[in-house]
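In: Predicted model and sequence below, questions to follow.
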Amino acid sequence: MTKTEERLKFLTEHSYGTWRAQKGWKKPLFIKDAEGVYIYDNDDKRYLDFSSQLMCSNLGHKNKVVIEAIIKQAEKMPYIAPGFVHEASENAVKALLTVLPKSLDKIFFSTSGTEANEAAVKMLRQYMAPNYKIISRYHSYHGSTATSISLTGDPRRWYAERARCTIPGIVFAPDAYCYRCPFGLKYSDCNIQCAKYVDYIIKEEGNVAAVLVEPVVGTNGRIVPPPEYFLLLRKICDENSVLLVADEVMSGWYRTGPVWAMQNWKVKPDILTTAKGCTAAYIPAGITVTTRKIADYFEEETMCHGHTYSFHPLVLSAIPAAITEYKKLTASGLPQKVSKHLEKKLYELAERHECIGDVRGIGHFWALEIVKNRKTKEPFDTKADKFHKLLMTDKIAIEAMKLGLYIAHWYDTLTIAPPLIIIEEQVDEGIEVLDRVLKIADREVVHTDMPASRSTEIFNKKR
Ligand SMILES: Cc1ncc(COP(=O)(O)O)c(C=O)c1O
């Protein structure tokens, strides 16, 4: 046994792998370093990080400004109880107010996206009582604890349900998923039925407190809604006196171009939750922000939420540093230029590979949906297959790793979401590997004369 194999054996025997049967986690890759857009394994093999790890390392690896801010805070005051205020909280709040929509200005800090949503739900259910139901969507992930997994549409919820770790009062709405429209309609003759149906659900259900959505669906498909969708949804929420909550955990922090994905449609939520990119993943953080109206409600009502590590100084120190770096990066124009290049390269890829059924996305946030048959859209694997077999997307991602490309994936899509610092030559490097590994799926497709769908191209042009 090599030294690395010994270390893997020790680690997999004594620590849990997340979201998997443990027998499938015997040989994880031992990573020893990461810098810029690359990560390095124990044998010094280099991998291009084409998914910003879990769509969170938005500034790439080893950003000096963020690291130094954390070190400085660690030397000064690494921890103080959340009842105190300090310079780190003052700086984080000030920095956040420069990027948040003006209507959202009271902030709660935690340490993950899951907790950010947990806090949002507790607050909104207090505020909206006796109304308590929350409308979420099937293609969604909102976190792993009882509340946030109950809001989740993807198959991870099924396991939480089996474990009896879910909460009541969540209703699922159809997705704004044009490639596989749940109503069988076609944009733009569809009358945006996916949004209109939410009005129907609210009225039929009664007691609805909020609609909670990922503005651009993350793990479950980088689904960009039609341009009219959020304007309509905002109107429906207002007409029915229901709150609109935007889970920007993955879609926030310049991933789709602007700071927040909702800005693509100039729509403001009543509550915004975020995490991941807020510290560019250098330290775990969660953020829940509300309007002044909700904030005022808690002047008299008890805000019955908190953690030992709420407002943790180390977490907060990374936020202004990351915001400074994001602003510098976007001012340079690099992400805006490279995202156009990436988009073009992905569409070209779809011309060469029959297994690509749909190309969709925005900014640095893209999906290639892999199908067996472009005409019928028959998938290789379904939601129910996740966690049960080696999927086609697994096979593609495993082969890509062999060729030095890290790519996150789900049961039906590959996630192209590189750090915002990536340059065009590095995009080309990733595309070159994809060009080779997509042949694995191409070999098993049913040949048709259909071109790939470009389901969000029209939306991106309209913006
Ligand atoms: C949209 C969204 N919400 C919430 C979460 C949960 O965040 P965390 O894993 O930090 O708890 C995720 C994680 O991927 C996410 O993508």
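Out: Received it, and whenever you're ready, just let me know what you need.

In: For the residue of the chain found nearest the ligand, grab phi and psi.
Out: Nearest to the ligand, among the residues of the chain, is residue 113, at 2.4 Å (C-beta to the nearest ligand atom). All C-beta spots, glycine's among them, are computed from the backbone N, C-alpha and C. With angles defined as degrees, to the nearest 10, residue 113 sits at phi -70, psi -40.

In: Quick check: it touching residue 249?
Out: Yes. The pair residue 113 / residue 249 is scored as a contact, 3.5 Å apart, by C-beta atoms under 8 Å.

In: Please enumerate the shared neighbours of those two.
Out: Common neighbours of residue 113 and residue 249, counting by C-beta atoms under 8 Å, 6 or more residues apart in numbering, are 142, 143, 273, 274, 275, 276.

In: distance of the residue of the chain closest to the ligand from residue 287?
Out: Relative to residue 287, residue 113 is positioned 9 Å away (C-beta to C-beta, to the nearest Å).

In: between the two, who's got more neighbours?
Out: When neighbours are counted by other C-beta atoms under 10 Å, residue 113 and residue 287 differ, and residue 113 comes out ahead with 30 against 26.

In: give me every residue that touches the residue of the chain closest to the ligand.
Out: Per C-beta under 8 Å, 6+ apart, neighbours of residue 113: 142, 143, 148, 247, 249, 250, 273, 274, 275, 276, 286.

In: Likewise for residue 325?
Out: Taking C-beta under 8 Å, 6+ apart, one finds 59, 63, 65, 66, 280 in contact with residue 325.

In: And for residue 38?
Out: Per C-beta under 8 Å, 6+ apart, neighbours of residue 38: 46, 47, 48, 49, 61.

In: Quick check: bridge partners of it?
Out: In this entry, residue 38 is beta-bridged to residue 35, residue 48, by DSSP bridges.

In: so what pLDDT did it get?
Out: What the model reports as pLDDT for residue 38 is 98.

In: gap between it and residue 276?
Out: Noted for residue 38: a distance of 20 Å to residue 276, by C-beta to C-beta.

In: that older thread, the contacts of residue 113: which ones sit near the ligand?
Out: With the criterion set as C-beta under 6 Å from any ligand atom, the members of the contacts of residue 113 near the ligand are 142, 143, 247, 249, 250, 275.

In: Once you drop chain neighbours, what's closest to the second one?
Out: Spelled out, that is residue 143. Setting aside the residues directly before and after it, residue 143 is nearest to residue 114 in space (C-beta to C-beta, 6 or more residues apart in numbering), at 3.0 Å.

In: Equivalent analysis for residue 16, please.
Out: residue 22 (6.8 Å).

In: Does the one you found touch residue 15 like I think?
Out: No. Counting by C-beta under 8 Å, residue 22 stays clear of residue 15, with 9.8 Å between them.

In: The residue nearest to residue 143: which element?
Out: Per DSSP states H and E, residue 114 falls inside helix 113-128.

In: And for residue 172, the neighbour number?
Out: 16.

In: give me phi/psi at it?
Out: Per degrees, to the nearest 10, the backbone of residue 172 is at phi -100, psi 130.

In: so it bridges to which residues?
Out: residue 136.

In: which residues touch it?
Out: The contact partners of residue 172, taken as C-beta under 8 Å, 6+ apart, are 135, 136, 137, 138, 153.

In: Could you look up the SS state of the residue most central in space within the chain?
Out: Nearest to the mean C-alpha position of the chain, by C-alpha atoms, centre = their mean, lies residue 250 at 2.7 Å. Following DSSP: H, G, I helix; E, B strand; the rest coil, the label given to residue 250 is coil.

In: ok, now the one 5 residues further on?
Out: Using three-state DSSP, the three-state assignment for residue 255 comes out as coil.

In: Look up how far residue 328 lies from it.
Out: In this view, residue 255 and residue 328 are 17 Å apart by C-beta to C-beta.

In: can you check residue 406 too?
Out: The gap separating residue 406 from residue 328 is 26 Å, by C-beta to C-beta.

In: Compare those two and say which is more crowded by neighbours.
Out: Just comparing residue 406 and residue 328: by other C-beta under 10 Å the higher neighbour count belongs to residue 406, 21 against 11.

In: Backbone torsions only: list them for the more buried one.
Out: phi -90, psi 130.

In: what do you get for residue 453?
Out: Per degrees, to the nearest 10, the backbone of residue 453 is at phi -80, psi 150.

In: Sticking with the closest residue to it other than its chain neighbours, tell me its helix or strand.
Out: Using C-beta to C-beta, 6+ apart and skipping the chain neighbours, the partner closest in space to residue 453 is residue 358 (4.3 Å). Take DSSP H and E as the rule and residue 358 turns out to sit in strand 356-362.
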